[in-house]
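1. sequence and computational prediction follow.
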Amino acid sequence: MGTALLYDEEMTKYKLLWVDPACKIEVPERLIVSYEALVRSGLSDRCISIPAREASDSEILLVHSELYLEAVKKTPYMTLEDLKEFTLQFGDVYFHPNIYHCAKLASGSALQLVDSVMTGKVRNGIALVRPPGHHSMHGAANGFCVFNNVAIAARYAKQKYGVKRVLIVDWDIHHGQGVQYCFEDDPSVLYFSWHRYEHQNFWPNLRESDYDSVGKESGAGFNINVPWNNVGMENSDYLSVFCHVLLPVAYEFCPDLVLVCAGFDSAIGDPEGEMCATPDIFAHLTHLLMNLAGGKLCAVLEGGYNLTSLAQSVCQTVQTLLGDPLPQLANLRGPCKSAVESLQCARSAHRRYWSFLKHAADPPMTDISTKHIKSAMEEEEKTEMAEEERCTEGKVWPEPPERLCPPVCSASVLPDDVACPDGLKRLSSSKDLEPLLVSKLKNRFRTAAVDGDRVTTFSRLYTLIEKLVANEIRNGLVLVPDVAAAMMCVVQDLTSDLVKRVLVVCVGKEKELDYVTTDGKVLVVQISSEDREEQRSKYYIPVCLKKGCSDTSGFIQAVLGLLLPLGYEYNPDLVLLVRMPGSGVVDSMWQQLIGLLQGFAKGHTLVLMQVNEKACMGSTASALLGHPAPPLQDLQTPFPEDGDALERLRERLQADWKTLQTTS
Ligand SMILES: CC(O)(O)NCCCCNCCCN
Ligand SMILES: [Zn+2]
């Protein structure tokens, strides 16, 4: 299934008609440069174009009052003076004779997107719209927003398609208070927002934008605010909040639909955000949400005022929605102190509502009162700090790297008598192994003669790795007689000069561990039922699940809170996913793991499985081909000792691995 793209140039046909410094950044060019970048890059042609439509009155009334709608209806007939007068009753927003029409198109586009996804016409999609929506409220326009496009879409999806749980992820740099107000008492809509806050010193300066607004009544726990109290947040900060706050809750919530308030003013160069995250971060933020809700994801444009980073960020998002390989994120430095404080506050505020956050630490020592004093000091420092040091328009950043699709998506190396799963390309051609390698294999296998088919398998395996590294193939599945032995060979012998760093994810337990290296060339993360704490080292990280890999709750927690951060920080060139026989890992969890691991190494994942487990080749192939993993249904409450052990493991490791830090 494809990716929908909604864009109508009519939505560029309104603009600010008077002087208002607060609103001058919201210009028609925002939409024009975004769409043109998609056209120029060839991405728009790969999308399914869906026409915009006007939202009807009843659809708008899902969120807004009749009084407000009737008032807005009058704006097309107002004189300039009337429009100015009308605008004065709202904050940081402007009206125009054509904005009502465009606001209906913006909301209608979001609804068209929901229809396309919910009817299965497309898998996911993005609506490029203006005016944005997430600040507008029941009876008021605000922050360039007239109708709350995403809030209307959420209510519409519930009403028309009986969607039980909607996740709204708001990565715009402003707090979408309009969305928060709409759903704060509604447990069927989980609203997550991060936003520049600076201890209430940043617009819209609301006390209820802080992390302690967790929702009300039956909605308690279903509103997550992560305030950024400093500017200059980077890719690491954003990824840490996704791995340690949003994703654990999102997986526990198990939504049927994901809506994204896709504001790109959180990107570097934006005058509003003054953050330093690069446009390629949106490729990963999108990817990390794409295995939720069976891949049903609707992104709706909100803010984004630096025309260069906006266009790049939109392209990065669309390219991921289309399933292209992800760019490698280089030199992640781990979250800054302020970000750790924010995520620690959010986690502790929500630990009573979400079992996946149950073991979160207490809030940091800095209590609220001293914050204002501190921020005042920071305020001073900031003004002292030379203007150009902060990430603003003056900031330059590299163009996002090209994300080339290899000619072959998924290849397989299988015994001749095993049929190749649909969609995979069987690799039969293989170069003869160098005699040196054969002798290595011999003494590796401690057998005099490494039998013929073993050599064939290894020569094909070696060829496959070469093709992965050469980006001729994206990922691969290999069936071998002895998976542990194969893993050792791949790690020790076959990758010596081809790759710099291999991330080995070992699912299940195996006999001995003599492949652990200390030079950082290999990072092994093993998830099993065995407690191997005493073998742990910086590059060998055993995660013990009491009930073993069949405990999906424990497994997904270990993946989100430990494996993902580690993987991002380690930044491998190859991922080796080894499925030990008898691991007991649940199929949907296995597919989720393969899906999430695609975020590393440009998607170069090599899955090693034992021949006698060929029954799960089909689901492995499906995940390797990029089909969304099935949702992890009815997750049990994780075992307390596992959750606690994971928290402690992170604390012990965070000296070596900064992205594991969740406490300041
Ligand atoms: C959709 C959105 O979240 O991007 N709207 C942002 C509104 C910002 C209002 N304040 C502007 C002050 C100018 N420096
Ligand atoms: Zn914004």
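-> Nice, thanks for sending it over. Residues are numbered from 1 along each chain as shown. Ligands and ions are numbered 1, 2, ... in the order given.
2. if I look at V575, how far off is ligand 1?
-> Computed as C-beta to the nearest ligand atom, to the nearest Å, the V575 to ligand 1 distance reads 36 Å. The C-beta positions use only the backbone N, C-alpha and C, and glycine is treated the same way.
3. which of the three states applies to that residue?
-> strand (DSSP: H, G, I helix; E, B strand; the rest coil).
4. which ones are touching it?
-> V575 is in contact with V502, L503, V505, G567, L597, F600, A601, H604, T605, L606, counting by C-beta atoms under 8 Å, 6 or more residues apart in numbering.
5. out of these, which are inside strands?
-> In strands, judged by DSSP state E, the following of the contacts of V575 are found: V502, L503, V505, T605, L606.
6. give me the residue from this protein nearest ligand 1.
-> Residue nearest to ligand 1 within the chain (C-beta to the nearest ligand atom): G303, separated by 2.1 Å.
7. quick one on the thing from earlier: tell me the two of the contacts of V575 that are most distant?
-> Greatest spatial distance in the contacts of V575: G567 and L606, 14.6 Å, computed using C-beta to C-beta.
8. which one's more surrounded, those two?
-> L606 (26 against 23; other C-beta atoms under 10 Å).
9. thinking the more buried one is in contact with K467, fair?
-> No. With contacts defined as C-beta atoms under 8 Å, L606 does not count as touching K467, sitting 10.6 Å away.
10. what does this protein put close to ligand 2?
-> Taking C-beta under 5 Å from the ion, the part of the chain that reaches ligand 2 is made up of D172, H174, G263, D265, G303.
11. where neighbours are concerned, which of the residues you listed has the most?
-> H174 (30 neighbours).
12. contacting residues for that one?
-> H174 makes contact with H134, H135, G143, H195, R196, W203, P204, G263, D265, E272, E302, G303, according to C-beta under 8 Å, 6+ apart.
13. quick one: those residues as CSV, columns for pLDDT, distance to L292 and secondary structure too.
-> Converted to CSV, those look like this (pLDDT from 0 to 100; distance: C-beta to C-beta, whole Å; DSSP: H, G, I helix; E, B strand; the rest coil):
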residue, pLDDT, distance to L292, secondary structure
H134, 98, 20, coil
H135, 98, 25, coil
G143, 98, 27, coil
H195, 98, 21, strand
R196, 98, 26, strand
W203, 98, 30, coil
P204, 98, 29, coil
G263, 98, 19, coil
D265, 98, 24, coil
E272, 98, 28, coil
E302, 99, 20, coil
G303, 98, 23, coil
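14. where do the helices of the stretch 151-300 of the chain begin and end?
-> When assigned using DSSP state H, counting those that start in this stretch, the helices of the stretch 151-300 of the chain occupy the ranges 177-183, 235-241, 247-253, 281-289.
15. neighbours of the closest residue in space to A153 that isn't next to it in sequence, how many?
-> Distance criterion C-beta to C-beta, 6 or more residues apart in numbering; nearest residue to A153, sequence neighbours excluded, is A110 at 4.1 Å. Residue neighbour count, defined by other C-beta under 10 Å, stands at 32 for A110.
16. with G452 instead?
-> Counted with other C-beta under 10 Å, the neighbours of G452 add up to 8.
17. surely the residue nearest to A153 forms part of a strand?
-> No. Residue assignment for A110, taken from three-state DSSP, gives helix, which places it outside any strand.
18. kindly indicate which of the residues of the chain next to ligand 2 lies nearest E651.
-> E651 has its nearest neighbour among the residues of the chain next to ligand 2 in D172, at 32.4 Å by C-beta to C-beta.
19. surely that closest one touches A267?
-> No. Under the criterion of C-beta under 8 Å, D172 is not in contact with A267, lying 10.4 Å apart.
20. ok, which stretches of the stretch 451-600 of the chain are strands?
-> 473-480, 502-507, 522-528, 540-544, 574-579 (DSSP state E, counting those that start in this stretch).
21. I'd say the residue nearest to A153 and E302 touch.
-> No. Taking contacts as C-beta under 8 Å, A110 lies outside contact range of E302: 11.0 Å.
22. show me what contacts L61?
-> L69 are the contacts of L61 under C-beta under 8 Å, 6+ apart.
23. tell me the pLDDT of it.
-> pLDDT, the model's per-residue confidence, is 99 for L61.
24. for it, give me the backbone phi and psi.
-> The phi and psi torsions at L61 (degrees, to the nearest 10) take the values phi -70, psi -10.
25. tell me the bridge partners for Q526.
-> According to DSSP bridges, the residues that bridge with Q526 are C506, P542.
26. that one: neighbouring residues, count only.
-> A count of neighbours around Q526, defined by other C-beta under 10 Å, yields 24.
27. quick one, domains of this structure?
-> Using automatic domain parsing, the domains assigned to the chain come out as 2-390, 474-660.
28. rank those by pLDDT, which is bottom?
-> The bottom spot among these, by mean pLDDT, belongs to domain 474-660, with a mean of 92.
29. now do the closest residue to M580 other than its chain neighbours against Y94, distance only.
-> When the adjacent residues along the chain are set aside, M580 lies closest to G508, with 3.0 Å between them (C-beta to C-beta, 6+ apart). G508 sits 60 Å away from Y94, taking C-beta to C-beta, to the nearest Å as the criterion.
30. who has more neighbours, those two?
-> Neighbours were tallied for G508 and for Y94 using other C-beta under 10 Å; the higher tally belongs to Y94 (24 against 21).
31. so what's the more buried one up against?
-> Under the criterion of C-beta under 8 Å, 6+ apart, the neighbours of Y94 are L16, L17, W18, D20, C23, E26, L83, T87, F144.
32. got phi/psi on the first one?
-> Going back to what we said before, that points to L16. The main-chain torsion angles of L16 are listed as degrees, to the nearest 10 and equal phi -70, psi 130.
33. now it: how far from L80?
-> For L16, the distance to L80 equals 12 Å [C-beta to C-beta].
34. higher neighbour count, those two?
-> Neighbours were tallied for L16 and for L80 using other C-beta under 10 Å; the higher tally belongs to L16 (18 against 11).
35. for that one, what are its contacts?
-> Counting by C-beta under 8 Å, 6+ apart, L16 makes contact with C23, K24, E26, V27, Y94, H96.
36. reformat those residues as TSV; add secondary structure and distance to P255.
-> TSV is the format used below for these (DSSP: H, G, I helix; E, B strand; the rest coil; distance: C-beta to C-beta, whole Å):
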residue	secondary structure	distance to P255
C23	coil	34
K24	coil	37
E26	coil	30
V27	coil	34
Y94	coil	34
H96	coil	36
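37. in ChimeraX, how would I select just the buried ones from those residues?
-> Applied in ChimeraX, the following selects the buried portion of the contacts of L16 according to 16 or more other C-beta atoms under 10 Å:
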select :23,26,27,94,96
